[in-house]
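Undergrad: Sequence and predicted model, in that order:
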Amino acid sequence: MSRYTAEAEMKMKGITFPAWHGKHYVTLAELLVRLGSFGLDLTWRVELDEIVDPRCTEVERRSADSGMDTLTLLSLTTPSLQLIDAEACGFAGDDLVVVLTEFDSSLWDVRVVDERVLSELRHHYPGATDL
């Protein structure tokens, strides 16, 4: 989906897990919060294959420029924005450090440079498996 994915796969470790846990849907906003301090100072660029909500247009607009900070992305995806096919790339300066990919509103792939972030996510999403 993204021009950044090939680079991410070479440098990062990742996990995959279902977007649905019973009746609870794991949103992009929830994942941003789960990144904790690791994700707080990142700049985000988001690619959306489908516009499912008016907020998606604003996310795309801000991504087309220089990206947006975590709190701006969080404000645009809360409450409960369910995406269908989307990829959010988080940058520390020019370095890609996290990629959050949602497939068909059913599965999340998370790639990140910091293994501690994956450990934390495995704790919250016990069905996670390594990529």
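TA: Perfect, I can see it now.

Undergrad: Contact partners for residue 118?
TA: By CB atoms under 8 Å, 6 or more residues apart in numbering, the contact set of residue 118 is 13-15, 110, 112. Any C-beta I mention is one placed from the backbone N, CA and C, and that applies to glycine too.

Undergrad: From those residues, list the buried ones, please.
TA: 14-15, 110, 112 (16 or more other CB atoms under 10 Å).

Undergrad: what's the farthest-apart pair in these?
TA: 15 and 112 (8.9 Å; CB to CB).

Undergrad: For residue 9, report the pLDDT, please.
TA: Looking at residue 9, its pLDDT stands at 64.

Undergrad: ok, how many other residues are close to residue 75?
TA: Residue 75 sits with 13 neighbouring residues when counted by other CB atoms under 10 Å.

Undergrad: Need the three-state assignment for it.
TA: helix (DSSP: H, G, I helix; E, B strand; the rest coil).

Undergrad: export stretch 119-131 as PDB, just CAs?
TA: The C-alpha coordinates for stretch 119-131 follow below in PDB (Å, rounded to 0.1, in the frame of the first residue of the first chain):
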ATOM      1  CA  SER A 119       5.900  -6.400  23.900                       C
ATOM      2  CA  GLU A 120       3.400  -3.900  25.200                       C
ATOM      3  CA  LEU A 121       1.000  -4.500  22.300                       C
ATOM      4  CA  ARG A 122       1.300  -8.300  22.700                       C
ATOM      5  CA  HIS A 123       0.200  -7.800  26.300                       C
ATOM      6  CA  HIS A 124      -2.900  -5.800  25.300                       C
ATOM      7  CA  TYR A 125      -3.800  -8.000  22.300                       C
ATOM      8  CA  PRO A 126      -3.100 -11.600  23.300                       C
ATOM      9  CA  GLY A 127      -4.000 -13.000  19.900                       C
ATOM     10  CA  ALA A 128      -1.000 -11.200  18.300                       C
ATOM     11  CA  THR A 129       1.400 -13.300  16.200                       C
ATOM     12  CA  ASP A 130       4.800 -12.300  14.800                       C
ATOM     13  CA  LEU A 131       5.100 -11.100  11.200                       C
END
